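Chemist: what's the 3D shape of this:
(chains A and B)
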Amino acid sequence: MVIEQKVVEQKIVDPEYLFFEAKRQKRFITGSEAVMEAIKRANVDLAISYPITPQSESMHLVGDLYAEGYLKDYYRGENELGVMSAVAGASMGGVRVFTATGGPGTLRAFEMFPTWAGARLPVVCAFFCRGVNSPLTIQPDTIEMGFMLDTGIIMFHAETAQDLFDMILKSYIIAEQPDVHLPIGVFADGFFVTHTRELVELPPDDIKLPPYDPYKSPVPVMDMEIPPVRQMRDPFVMKSNFISYACHASWQQEVRAAGERARKHINKYLGELIEYDNDDADILIMASGTAVSQSREAISIASKEGIKVGLVKIKVLRPFPWQEVKRIARKAKAIIVPEFNITGWLAREIKSVIEDNTKVIGAPRVFGGMTMPVELILEEIRRAAK
Amino acid sequence: MQKVEYQVLAGPEGYLPPPAALMGVVLPNKGEALVEGRIVLEGDAMRIIAQKLLSAKNPTIFPGPLILWAWNERAVEKAEAVKEMAEAVGAKIIPMPDYRPKYPMINPEEEINPNHPNLTIWHNKIDVCVFVGVHCHYANIALKIIRGGTDCYTIALCGNYGHEDAMISLRDVHAEEVRKLTELIKKAKGREE
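Modeler: Here you go, the predicted structure:
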């Protein structure tokens, strides 16, 4: 049986128009649906899926987009490593791609993340964070983000479904800049964001981003029909000598430099790398993801008790907003860092860039799928206020 | 990573110099250029390039795959413009036809390779070089290796956003901009003669 591929007609518009000018309408949708809405407008060529909770629904909905004619191709891979390898091949061939995973799926595919960055592939991938084994949990936990920090990919952390929509859509334009050209991981806390509904403002769905232009890439696109680019990223490491390894080292440095160049584009499209409120307060909370939402609630209650607390929402983990964090931390007497993981990777990051890291309170921490009751954050605030 | 007043100067800077982007050097906006890590107007940078090339003992142009292969009309036009510029300077042309590592060793008189560009520079005693038509990733790798191991002054004529790791870098350079640079070189040469 031959299935006729549907094609939906959408008008290509400037990214600035799609992001900032097109009139938006509010819809009451889940985070997974926000992913689908972003991909609908992103002019994605190919999406490849592999199921894992709590990500499965988002890629299922992206599959529906293929059936409706929004994507050129879509299929299920054999496992996460296979999926991440396949999107790498497609991206190397000049195709705009999307995929998503989370928790153990992230770990299973791990080899490919530094490979994407090293090959300068502008892959966009959503990570819906959950605990990793063992013991088994399918519930939210951001420990995988700590593992991902040194892979060379750019990392955004969404607090809400609105963040998720905007970050995924804008990631394509940031990732594909010739001076950046790196993968972007958009992370969101599983279930809390993916499976809950909120009002999300969406631009019309009859417009989409311009297509990816692989010929602006800083590395040759694997177009086998065009001679100057019939070249791969050659494996100089196959020779054991000092020159080869020095080149490999220089290559790795260039990947980090590309991440640094992303700051300018992130500022342009996503706003600053952080958002802040009452940053002159003696007590600050610095957080990312849904820990920010819990912190807002705790700050509101603390305010009624007469305790002023500032909030710093860290939207971008790589490149890390070290200058912004260092500047804001300077005046604070205590910095509370609530996290959904056992290692406290965000507290570690903050401690590594501020001048006096003894004022960082790496608490509260919940993990293994626990929620973060507001009272836990309030206890830290009250303790710091004494 | 710390932000310091970092200058992108001719080396040798030593083993694995830091990428200038990680030392606080940012790429120029449209109409601007980089000279030794500082943002300047594009016209000013062009005049400095002309001076550097004309005062060099052995200026050499390294054209890369994007202009060495006639894969579209713009590539051909840019390649012709670069050839005219080389003639105006009296510069040698040593191509970078691809990015494959050449083993056991390249012939440094015939080509340059991004994985060990220092070999070609040392062998030919090149004191000023121009990268043009090289994919940005490979240009950056090579420029940094050159800064680390040689005293060569590097100039990058980039078709995209420029290169922090070159001592002078122009952005958005296509055939028209190369011809403009050639005119400046010819004028400067006329004044010298």
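Chemist: mind listing the helices for the stretch 101-250 of chain A?
Modeler: Taking DSSP state H, counting those that start in this stretch, the helices of the stretch 101-250 of chain A run over residues A:104-108, A:112-118, A:143-148, A:161-175, A:242-270.
Chemist: list of residues touching the third one?
Modeler: Taking CB atoms under 8 Å, 6 or more residues apart in numbering or on different chains as the criterion, the residues outside helix A:143-148 that touch it are A:102-103, A:106-107, A:110, A:113, A:127, A:129-132, A:155, A:157, A:185, A:187, A:317, A:341-343, A:345, A:367. For glycine as for every other residue, the C-beta is placed from the backbone atoms N, C-alpha and C.
Chemist: tilt between the worst-scoring helix or strand of chain A on mean pLDDT and helix A:161-175?
Modeler: Across the helices and strands of chain A, mean confidence by mean pLDDT, DSSP states H and E is lowest for helix A:242-270: a mean of 92. Per axes from the mean of the first three to the mean of the last three CA atoms, to 10 degrees, the angle that helix A:242-270 makes with helix A:161-175 is 130 degrees.
Chemist: just list what helix A:242-270 packs against, helices and strands only.
Modeler: Judged by 3 or more CB pairs under 8 Å, 6 or more residues apart in numbering or on different chains; DSSP states H and E, helix A:242-270 is in contact with helix A:112-118, strand A:154-158, helix A:161-175, strand A:316-318, helix B:136-149.
Chemist: quick one on the thing from earlier: of all the helices of the stretch 101-250 of chain A, which one is nearest residue A:56?
Modeler: Evaluated over these, closeness to residue A:56 peaks at helix A:104-108, with 9.8 Å, by CB to CB.
Chemist: what does that closest one contact?
Modeler: For helix A:104-108, the surrounding residues in contact (CB under 8 Å, 6+ apart) are A:50, A:52, A:55, A:79-81, A:127, A:130, A:132-133, A:144, A:147-148.
Chemist: write out the residues of chain B neighbouring chain A.
Modeler: Contact residues, chain B versus chain A (CB under 8 Å from any CB of the partner chain): B:1, B:3, B:15-16, B:18-22, B:26-27, B:65-66, B:68-69, B:71, B:75, B:98-101, B:103, B:114-116, B:135-138, B:140-141, B:144-145, B:160-162, B:164.
Chemist: just the buried residues of those.
Modeler: Listed as buried from those are B:1, B:18-22, B:26-27, B:65-66, B:68-69, B:71, B:75, B:98-99, B:101, B:114-116, B:135-138, B:140-141, B:144-145, B:160-162, B:164; burial here means 16 or more other CB atoms under 10 Å in any protein chain shown.
Chemist: return the subset of the residues you listed lying in helices.
Modeler: Counted as lying in helices by DSSP state H, out of those, are B:65, B:66, B:68, B:75, B:136, B:137, B:138, B:140, B:141, B:144, B:145.
Chemist: export the residues you listed to JSON lines and append columns for distance to residue A:335 and pLDDT.
Modeler: As requested, those are exported to JSON lines (distance: CB to CB, whole Å; pLDDT from 0 to 100):
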{"residue": "B:65", "distance to residue A:335": "50", "pLDDT": "91"}
{"residue": "B:66", "distance to residue A:335": "48", "pLDDT": "93"}
{"residue": "B:68", "distance to residue A:335": "54", "pLDDT": "93"}
{"residue": "B:75", "distance to residue A:335": "54", "pLDDT": "95"}
{"residue": "B:136", "distance to residue A:335": "38", "pLDDT": "97"}
{"residue": "B:137", "distance to residue A:335": "38", "pLDDT": "95"}
{"residue": "B:138", "distance to residue A:335": "42", "pLDDT": "93"}
{"residue": "B:140", "distance to residue A:335": "36", "pLDDT": "97"}
{"residue": "B:141", "distance to residue A:335": "39", "pLDDT": "94"}
{"residue": "B:144", "distance to residue A:335": "36", "pLDDT": "96"}
{"residue": "B:145", "distance to residue A:335": "41", "pLDDT": "95"}
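Chemist: was I right to think residue B:83 contacts residue B:89?
Modeler: No: using CB atoms under 8 Å, residue B:83 is not in contact with residue B:89, being 11.0 Å away.
Chemist: who has more neighbours, the two?
Modeler: Per other CB atoms under 10 Å in any protein chain shown, whichever of residue B:83 and residue B:89 has more neighbours is residue B:89, with 24 against 16.
Chemist: pLDDT at the residue of the stretch 51-200 of chain A found nearest chain B, what is it?
Modeler: With CB to the nearest CB, the shortest gap between the stretch 51-200 of chain A and chain B falls at residue A:178, namely 4.0 Å. pLDDT, residue A:178: 98.
Chemist: same question, residue B:157
Modeler: Looking at residue B:157, its pLDDT stands at 98.
Chemist: over to the one 4 residues further on?
Modeler: As predicted, residue B:161 sits at a pLDDT of 98.
Chemist: can I get the helices of the stretch 101-250 of chain A in TSV with mean neighbour count and distance to residue A:19?
Modeler: Output for those, formatted as TSV (neighbours: other CB atoms under 10 Å in any protein chain shown; distance: least, CB to CB, whole Å):
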stretch	mean neighbour count	distance to residue A:19
helix A:104-108	21	28
helix A:112-118	21	24
helix A:143-148	22	25
helix A:161-175	25	6
helix A:242-270	19	6
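Chemist: of all those, which lies closest to residue A:196?
Modeler: helix A:161-175 (7.7 Å).
Chemist: now the angle from the closest one to strand A:154-158?
Modeler: Taking the same axes, to 10 degrees, one finds helix A:161-175 and strand A:154-158 inclined to each other by 160 degrees.
Chemist: helices or strands up against helix A:161-175?
Modeler: helix A:31-40, strand A:124-129, strand A:154-158, strand A:184-189, strand A:197-202, helix A:242-270.
Chemist: what average pLDDT does that helix get?
Modeler: For helix A:161-175, mean pLDDT is 98.
Chemist: nearest residue to residue 111 in space, please, no chain neighbours.
Modeler: This is for chain A. Excluding its sequence neighbours, the residue lying closest to residue A:111 (CB to CB, 6 or more residues apart in numbering or on different chains) is residue A:81, at 6.7 Å.
Chemist: hm, I was asking about chain B
Modeler: residue B:95 (5.7 Å).
Chemist: how about residue A:97, what does it touch?
Modeler: Here residue A:97 is in contact with A:44, A:45, A:46, A:47, A:48, A:87, A:90, A:91, A:123, A:124 (CB under 8 Å, 6+ apart).
Chemist: so what's the third one up against?
Modeler: Going back to what we said before, that points to residue A:46. A:71, A:72, A:73, A:74, A:87, A:90, A:95, A:96, A:97, A:98.
Chemist: distance of the residue lying closest to the second one once chain neighbours are set aside relative to chain B?
Modeler: For residue A:72, the nearest residue in space outside its immediate sequence neighbours is residue A:45; the separation is 4.8 Å by CB to CB, 6+ apart. From residue A:45 over to chain B the distance is 22 Å, taken as CB to the nearest CB, to the nearest Å.
Chemist: do the same with residue A:276
Modeler: For residue A:276, the distance to chain B equals 21 Å [CB to the nearest CB].
Chemist: now the helix or strand harbouring that residue: buried residues?
Modeler: Element membership of residue A:276 [criterion: DSSP states H and E] is strand A:274-277. Residues of strand A:274-277 classed as buried: A:274, A:276 (neighbour count, 16+ other CB under 10 Å).
Chemist: same check on stretch B:178-193?
Modeler: Applying 16+ other CB under 10 Å to stretch B:178-193 flags B:178, B:179, B:181, B:182, B:184, B:185, B:188 as buried.
Chemist: same question, stretch A:301-312
Modeler: Across stretch A:301-312, burial judged by 16+ other CB under 10 Å covers A:302, A:307, A:309, A:310, A:311, A:312.
Chemist: which of those lies closest to residue A:26?
Modeler: Among the buried residues of stretch A:301-312, and counting by CB to CB, the member closest to residue A:26 is residue A:311, at 24.4 Å.
Chemist: I'd assumed that closest one was in a helix, is it?
Modeler: No: using DSSP: H, G, I helix; E, B strand; the rest coil, the secondary structure at residue A:311 is strand, not a helix.
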